[in-house]
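> Here's my sequence, what's the structure:
(one chain, ligands or ions: 1)
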Amino acid sequence: MRSSEIRELLKLIDRPGMISFAGGIPDPALFNVAAFSAAYGRILGDAAAGARALQYSATEGHPPLRRWIAERMAAQGVSCEPDNILITSGSQQALDLIGKLFLDPGDGVLAAAPTYLGALQSFSAYEPRFLARAEATDDVKLIYLVPDFDNPTGETMDAAARQRALEIADRHDAWIVEDGAYAALRYEGEDVAPVAAFDQRRAGSIDEIRTLYCGTFSKTLSPALRIGWICGPRAVISRLTLIQQVGDLHTSTINQMAMHEVAVSSYDDQVARARDVYRSRRDTMLAALARHAPEGLSWTRPKGGLFIWLTLPAAMDAAALLQRAIARDVAFVPGAAFFFDGSGSDRLRLSFSLSGEAAIDEGIERLCMLVREEIDVPIPAAAIGA
Ligand SMILES: Cc1ncc(COP(=O)(O)O)c(C=O)c1O
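Numbers count the residues shown, from 1 in each chain. Got it, this is the predicted structure:
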C-alpha cells in the first residue's frame with residue numbers, strides 16, 4: 001500500500017464514531033485561546049505595536065522572542081545569545097533550511113529507521129542517501145536525531161547515547177540536527193540535557209558546536225502560528241538566515257509577537273497542563289494494551305511525547321490492518337512510512353494525544369480484537385499443501 005492510499009484511508013477518520021490514534025497533533029482543548037486573544041488584542045490595541053506587528057520584519061526573528069528562547073536554551077545547558085537563534089516557520093522549515101544549506105545529491109544522512117517522516121521528506125528534496133548506520137568509510141553530512149520521545153517510536157536517548165552520537169559526528173565530520181519537537185513533554189523521569197548541551201560542554205562555546213538544535217512551540221502552545229527555531233553557531237545561523245530570506249523573508253511578525261507574549265505569561269503553566277493530560281492518556285493507553293493485547297503484540301513505553309509504537313505479531317501487515325480497522329472505526333498510522341529502507345510493514349504508530357480516556361480504552365480494545373481475529377484465522381488447507 002502506498003502512502004497516497006493510506007492518506008485516502010485516513011481522510012475517513014473525521015467521520016462520527018471514529019476513534020483516531022492517527023494524528024500526531026496536540027489536543028486543541030489544551031490551547032490557551034484566551035491568552036492568545038488577549039495577546040493579539042494588546043498588540044493591535046496599541047497603535048505603535050500594531051503598526052510593527054503588521055509590518056515586514058527582520059528575517060532573524062522578533063528580538064524579544066529570540067531572547068526568550070536563548071534564555072530557555074541556556075536553562076537546558078545550551079548557553080547562547082539571541083544571535084544564535086533563528087526563528088523559523090515551524091521546525092519543519094528549520095529542517096528544510098538545514099537540508100538546503102548542507103545537502104548535495106548523494107550526501108549521507110544518518111538517521112534512525114524508523115524516523116520522523118517529515119524530516120525524511122524535507123531532506124529528500126536534496127537527494128541525499130539515507131543511512132541507518134555509518135561505516136567508517138561512509139561520507140556522512142548530517143545526523144538527524146529526535147532524542148526525546150521520538151516520533152514515531154516514543155523512545156528517548158540516554159546521556160551515553162547522546163555522547164555516542166557526538167563521537168560518530170566527530171568521526172565523520174558531520175553536523176547533528178537535533179529535533180527537540182517533543183522535549184518539553186516529559187511525563188516521568190529526569191530530563192536529559194540536549195545533545196547541543198553535551199556538545200557545548202566539550203567545545204566550550206556555542207559557536208564551536210556541530211549540533212543544530214531545532215525547537216518548536218507547536219506541541220506546547222500552538223502549531224497554527226508556525227513558530228519554531230534553530231539554535232546553533234552564529235556562522236551557521238547567519239547562512240541559514242540568508243536562505244530563509246530568499247524563501248519567505250521572515251516568519252509572521254504578529255504571530256511572533258503574540259507567541260512571545262503568551263510564552264512569557266503562560267508557557268510553564270501550559271506545559272504543566274499538557275503534561276498532566278497527556279501523561280494520563282498515555283497511562284490509559286498502556287493499561288488498555290496490557291489488558292486487551294493478544295500474545296505476540298509488543299509496544300514501547302514512552303516517558304513523554306505523544307506516541308506508542310506497536311510491533312504486530314509475525315508478518316502481519318499494518319497497512320492491510322488499517323483498512324479493516326477503519327471499517328471498525330479505529331485508525332492509526334501504518335509504520336512503513338517512517339522507514340527509508342522499505343521495512344516496517346509490521347509496525348504501527350498510535351498517538352494518545354487526541355482521545356479521551358474512555359475512547360482510548362475502547363479504541364485499543366477494537367484494535368486488539370482485530371489483531372486477535374487475524375491471528376486466529378485458520379490457515380487454508382490449500383496454503384499448506386494438504
Ligand atoms: C519530530 C518532529 N519534528 C518536527 C515537526 C514539525 O513541527 P512544526 O513544523 O510544527 O514545528 C514534527 C511535527 O509533527 C515532528 O513530529
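
> Please list the residues of this structure that sit near the ligand.
Applying C-beta under 6 Å from any ligand atom, we find that the chain lies next to the ligand at 24, 90-92, 116, 118, 146, 151, 179, 181, 216, 218, 223, 228. For glycine as for every other residue, the C-beta is placed from the backbone atoms N, C-alpha and C.

> change it to 5 Å
Contacts of the chain with the ligand, taken as C-beta under 5 Å from any ligand atom, map to 90, 91, 92, 116, 146, 151, 179, 181, 216, 218, 223, 228.

> how about the residues you listed, which pair is most distant?
Farthest apart among the residues of the chain next to the ligand by C-beta to C-beta are 146 and 223. That separation is 16.5 Å.

> So for these two, which sits in the more crowded spot?
When neighbours are counted by other C-beta atoms under 10 Å, residue 146 and residue 223 differ, and residue 146 comes out ahead with 26 against 18.

> Packing partners of the longest helix anywhere in the chain?
Criterion DSSP state H: the longest helix present in the chain is helix 253-292. Contact partners of helix 253-292 among helices and strands, from 3 or more C-beta pairs under 8 Å, 6 or more residues apart in numbering; DSSP states H and E: helix 33-45, helix 47-53, helix 63-75, strand 307-311, helix 357-376.

> Give the partner strands of the helix or strand following that helix in its sheet and their orientations.
Next in sequence after helix 253-292, counting helices and strands by DSSP states H and E, comes strand 298-299. Looking at strand 298-299 with DSSP bridges, its partner strands are strand 307-311 (antiparallel).

> which residues of this structure score low on pLDDT?
Within the chain, the stretches with pLDDT under 70 are 1-6, 9, 377-386.

> okay, the helices and strands packed on helix 253-292, which one's buried deepest?
Highest mean neighbour count of the helices and strands packed on helix 253-292: strand 307-311, a mean of 23 (counted as mean count of other C-beta atoms under 10 Å).

> and the angle for that strand with helix 357-376?
Per axes from the mean of the first three to the mean of the last three C-alpha atoms, to 10 degrees, the angle that strand 307-311 makes with helix 357-376 is 10 degrees.

> For the very next helix or strand once past strand 307-311, output the C-alpha coordinates as CSV.
Sequence-wise, the next helix or strand downstream of strand 307-311 (DSSP H and E) is helix 318-327. The C-alpha trace of helix 318-327 is given here as CSV (Å, rounded to 0.1, in the frame of the first residue of the first chain):
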residue,chain,number,x,y,z
ALA,A,318,-0.2,-2.8,9.3
ALA,A,319,-1.5,-1.2,6.1
ALA,A,320,-3.9,-4.1,5.5
LEU,A,321,-4.9,-3.9,9.2
LEU,A,322,-5.7,-0.2,8.8
GLN,A,323,-8.2,-0.9,6.1
ARG,A,324,-10.1,-3.3,8.4
ALA,A,325,-9.6,-1.0,11.4
ILE,A,326,-11.2,1.9,9.6
ALA,A,327,-14.3,-0.3,8.9
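
> Tally up the residues packed near residue 234, please.
14.

> Hmm, residue 207 and it touching each other?
Yes - Residue 234 is in contact with residue 207 according to C-beta atoms under 8 Å; the separation is 5.4 Å.

> shared neighbours of these two, anything?
Both residue 234 and residue 207 are in contact with residue 84, where contact means C-beta atoms under 8 Å, 6 or more residues apart in numbering.

> Dihedrals phi and psi, the residue in the chain that the ligand sits nearest to?
Going by C-beta to the nearest ligand atom, the ligand is nearest to residue 90 of the chain, at 2.6 Å. With angles defined as degrees, to the nearest 10, residue 90 sits at phi 80, psi 160.

> where exactly do the strands run in the stretch 51-200 of the chain?
Along the stretch 51-200 of the chain, the stretches classed as strands by DSSP state E, counting those that start in this stretch are 85-88, 108-111, 129-131, 140-145, 175-179.

> Please identify the deepest-packed of those strands.
For the strands of the stretch 51-200 of the chain, average neighbour numbers computed from mean count of other C-beta under 10 Å are highest in strand 85-88, which has a mean of 28.

> Okay, now the sheet partners of that strand, with direction.
Here strand 85-88 has these sheet partners by DSSP bridges: strand 228-231 (antiparallel).

> any idea which helix or strand comes after the partner strand?
Using DSSP H and E, the next helix or strand after strand 228-231 towards the C-terminus is helix 234-248.

> elements contacting that following helix?
strand 85-88, helix 90-102.

> wait, doesn't residue 171 sit right on residue 136?
Yes - using C-beta under 8 Å, residue 171 makes contact with residue 136 at a distance of 7.2 Å.

> quick one, which of those two is more surrounded?
Ranked by neighbour count (other C-beta under 10 Å), residue 171 and residue 136 place residue 171 first, with 12 against 6.

> quick one: contacts for the more buried one?
Counting by C-beta under 8 Å, 6+ apart, residue 171 touches residue 136.

> right, so of the helices and strands packed on helix 253-292, which gets closest to residue 122?
Ranking the helices and strands packed on helix 253-292 by proximity to residue 122 (C-beta to C-beta) places strand 307-311 first, at 19.2 Å.

> contact partners of that closest one?
If you take C-beta under 8 Å, 6+ apart as the criterion, strand 307-311 is touched by 24, 114, 149-155, 282, 285-286, 289, 297-302, 332, 335, 346-352.

> what's the spacing between that strand and its chain's center?
Strand 307-311 has its C-alpha centroid displaced from the chain centroid by 15 Å (C-alpha atoms, centre = their mean, to the nearest Å).
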